[in-house]
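Participant: Take a look and give me a structure for this.
(one chain, ligands or ions: 1)
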Amino acid sequence: MADDSPADRPTTATPAPTDGAAATRTNGTAAANKVDVPRGVWLQCPACQATVFQKALEENMHVCPECGYHHRIAARVRIAQLVDPDSFEEFLPDLTSTDPLKFKERLTYKERIREVQAKTGEAEAVVVGKAFIRGRPVILAAMDPFLIMASKGAVVGEKITAGLERATDENIPFVVVTASGGARMQEGMISLVQMAKTSSAVARLDDAGGLYIVVMTDPTTAGVAASFASLGDIHLAEPGAMIGFAGPRVIENTIRAKLPEGFQSAEFALQHGFVDRIVHRHNLRTEIARIIDYAGK
Ligand SMILES: [Zn+2]
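Facilitator: Have a look, this model is predicted:
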């Protein structure tokens, strides 16, 4: 469901890559193209329409300085924001998708993977490793919404599972930052079984008395929302993140009813008990460290 993602919101700003190639990572959204300035220098906030200096946005952790809109960010930007400097030790960095179904759309799946790898610089849609957050050791997994909407194929399932197993073995917390359009449709059934695989690994961590913290970011939907993203001991969410299973239009068409205001927002999920706390991006690091201490881990 990656390609008909329920996230209706335009994908915006890109994380600034460290190699200075900001322009190449800036998505050419319709909104961004309307701004008559060099791309990669200014961009238009999709929430408040303000024209924001890219650098000011980066310095504000990719949160709109005008309205607080939390832009989607790449996995490495997320990791840099959360962990103690130079503490991240990645594992399974080279694991990449195979093409079990020999899937072909506009491009073959293999071509598509190569294309998004070149564009994002990532091998797959999740980056996993061991790190320290304010001095506390954790296994951290961050999903990358810029790689096929961080859809969950065999590699994403394997890396999340490996992270959970490592956290279980080392008796340290597992923290996942979710952002996903759901299943990797190009992998069909193999994508779907990752729900059971990751859920079993969460259960083993739980049996061992481990701590599992989920940070839901925009969007956390479909097969990811229905598996490891919903199984944390603590669920945090960023303000305004879309959280849900099927997209609102799909639900409205199916049940032929109007959905409540704000349905599938982090705020709605908080109100209905699905999310424990909404945390501004500026406070996430501290909040995660506090929860680890609170849980005695
Ligand atoms: Zn804004």
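Participant: Going by C-alpha atoms from here, please, whenever you check contacts or count neighbours.
Facilitator: Fine.
Participant: Hmm, Gln117 and Ala123 touching each other?
Facilitator: Yes - between Ala123 and Gln117 there is a contact under Cα atoms under 8 Å: 5.6 Å.
Participant: quick one, helices of the stretch 151-297 of the chain?
Facilitator: 154-170, 188-207, 222-225, 248-255, 266-271, 284-294 (DSSP state H, counting those that start in this stretch).
Participant: which outside residues touch the top strand by length along the chain?
Facilitator: Ranked by number of residues, the top strand in the chain under DSSP state E is strand 212-221. Residues from elsewhere that reach strand 212-221 (Cα atoms under 8 Å, 6 or more residues apart in numbering): 6-7, 72, 173-182, 202, 205-206, 229-230, 232-238, 240-246, 288.
Participant: mind running it again at 7 Å?
Facilitator: For strand 212-221, the surrounding residues in contact (Cα atoms under 7 Å, 6 or more residues apart in numbering) are 7, 72, 173-182, 229, 232-238, 241-246.
Participant: So for the residue of the stretch 51-200 of the chain found nearest the ion, what's the pLDDT?
Facilitator: Going by Cα to the ion, the ion is nearest to Cys67 of the stretch 51-200 of the chain, at 4.1 Å. Looking at Cys67, its pLDDT is 97.
Participant: and what of Thr14?
Facilitator: At Thr14, the pLDDT value in this model is 41.
Participant: re the thing from before, show me just the buried residues among the contacts of strand 212-221.
Facilitator: Buried subset of the contacts of strand 212-221 (neighbour count, 16 or more other Cα atoms under 10 Å): 7, 72, 173-182, 229, 232, 234-238, 241-246.
Participant: Low-confidence regions, this structure specifically.
Facilitator: 1-40 (pLDDT under 70).
Participant: What residues does it have near the ion?
Facilitator: The chain has residues 45, 47-48, 64, 66-67 near the ion, with proximity defined as Cα under 5 Å from the ion.
Participant: For those residues, work out which two are farthest apart.
Facilitator: Ala47 and Glu66 (9.7 Å; Cα to Cα).
Participant: end-to-end on stretch 272-285?
Facilitator: From its first residue to its last, stretch 272-285 covers 25 Å (Cα to Cα, to the nearest Å).
Participant: Identify all contacting residues around it.
Facilitator: Residues contacting stretch 272-285 (Cα under 7 Å, 6+ apart): 82, 133, 234-239, 269-270.
Participant: and if we set it to 8 Å?
Facilitator: Stretch 272-285 has contacts (Cα under 8 Å, 6+ apart) with 61, 63, 70, 81-83, 133-134, 234-239, 266-267, 269-270, 287.
Participant: Which of those residues fall within strands?
Facilitator: Judged by DSSP E, those include 133, 234-237 as members of strands.
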